[in-house]
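1. fold the stuff below for me.
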Amino acid sequence: MFIPEIPVLIFSFVLSALFGYLLGSVNCSIILTRIFKEKADIRKYGSGNAGMTNVLRTVGKVPAALTFVGDFLKCVAAVLLSMALFSLAGLLTGGSYGPYVFGAAKYAAGVACVLGHIFPVYYGFRGGKGVVTAAAMISLTDWRVFLLVLGTFVLLFALKRIVSLASVTCAATYPAYTFLLTFLDYYQKEMPLWYLLFAVGAALFVGVTVLVKHRSNIGRLKRGEEKPVVFGKKK
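-> Next comes the predicted model:
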């Protein structure tokens, strides 16, 4: 069985993370607000967050929808670039470990993209809260976990219309969903232990990071001050 050189493997992961971070740093809410609102900075309006919900409330539906699409697609681009990089390095077809190197590469690019969105190098490290980009990462790394997270979000949002409540709940449950399904795969398939630990560790890191970025929202939720989204009106 072909075993890739460890330095090549590490270098490929580092490059994937770097490209993912740089792509994630392209903040669509900042760019689109400047286009739709006379060069305004979204971080000076509403909640001050450079994300889709704040764009919806302070700029409009069209730029909010475009922000969602952009924040999602940049993570897709990061993962695809990572796949291309690992393919060129010959690290995706080397024996039975290949699919797990493939999966770990997707996690590396996705996590880095989420970090880039939250701490963008192009905008003074002041970005959004990473919800949409994290959702893209989840959908690309494990579709089963994505369906569980999406179902959780839709249910809570339908009941309360509060994006932050649905977001923090999904961030908290994402690592648990990942552990449950990956742990089942570990026993049912020939999955290496390192991949189980890598996947759960990546999910835990993203979940905790998103929760930390929502700490002010969590405080307002506890005090009953968080505002629900009202469709048909622009606040």
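
2. need the strands for this protein, in chain order.
-> Remark: strands of the chain are absent; assignment by DSSP state E.

3. skipping adjacent residues, who's closest to the residue most central in space within the chain in space?
-> Nearest residue to the geometric centre of the chain (CA atoms, centre = their mean): A134, 1.4 Å. Nearest residue to A134, sequence neighbours excluded (CB to CB, 6 or more residues apart in numbering): V114, at 5.1 Å. The C-beta positions use only the backbone N, C-alpha and C, and glycine is treated the same way.

4. G128 too?
-> Per CB to CB, 6+ apart, closest to G128 is G51, 3.5 Å.

5. show me what contacts the one you found?
-> Taking CB atoms under 8 Å, 6 or more residues apart in numbering, we find G51 in contact with S29, T67, D71, G128, K129, V131, V132.

6. can you list those in JSON lines and add neighbour count, pLDDT and distance to L23?
-> Shown next, in JSON lines, are these (neighbours: other CB atoms under 10 Å; pLDDT from 0 to 100; distance: CB to CB, whole Å):
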{"residue": "S29", "neighbour count": "29", "pLDDT": "95", "distance to L23": "15"}
{"residue": "T67", "neighbour count": "28", "pLDDT": "96", "distance to L23": "15"}
{"residue": "D71", "neighbour count": "27", "pLDDT": "96", "distance to L23": "11"}
{"residue": "G128", "neighbour count": "28", "pLDDT": "93", "distance to L23": "14"}
{"residue": "K129", "neighbour count": "30", "pLDDT": "93", "distance to L23": "17"}
{"residue": "V131", "neighbour count": "26", "pLDDT": "93", "distance to L23": "17"}
{"residue": "V132", "neighbour count": "26", "pLDDT": "95", "distance to L23": "14"}
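
7. next, give me the two most distant ones among those residues.
-> The most widely separated members of the contacts of G51, counting by CB to CB, are T67 and K129 (12.5 Å).

8. surely the residue nearest to the centre of the chain meets V206?
-> Yes: using CB atoms under 8 Å, A134 is in contact with V206, at 5.5 Å.

9. got any residues that touch both of these two?
-> Common neighbours of A134 and V206, using CB under 8 Å, 6+ apart, are V114, A171, Y174.

10. can you give me the neighbour number for the last one?
-> Using other CB atoms under 10 Å, the number of residues around Y174 comes to 26.

11. how much space between V131 and L56?
-> Counting by CB to CB, to the nearest Å, the gap from V131 to L56 is 13 Å.

12. circling back to that earlier point, and the residue nearest to G128, how far from M137?
-> 16 Å.
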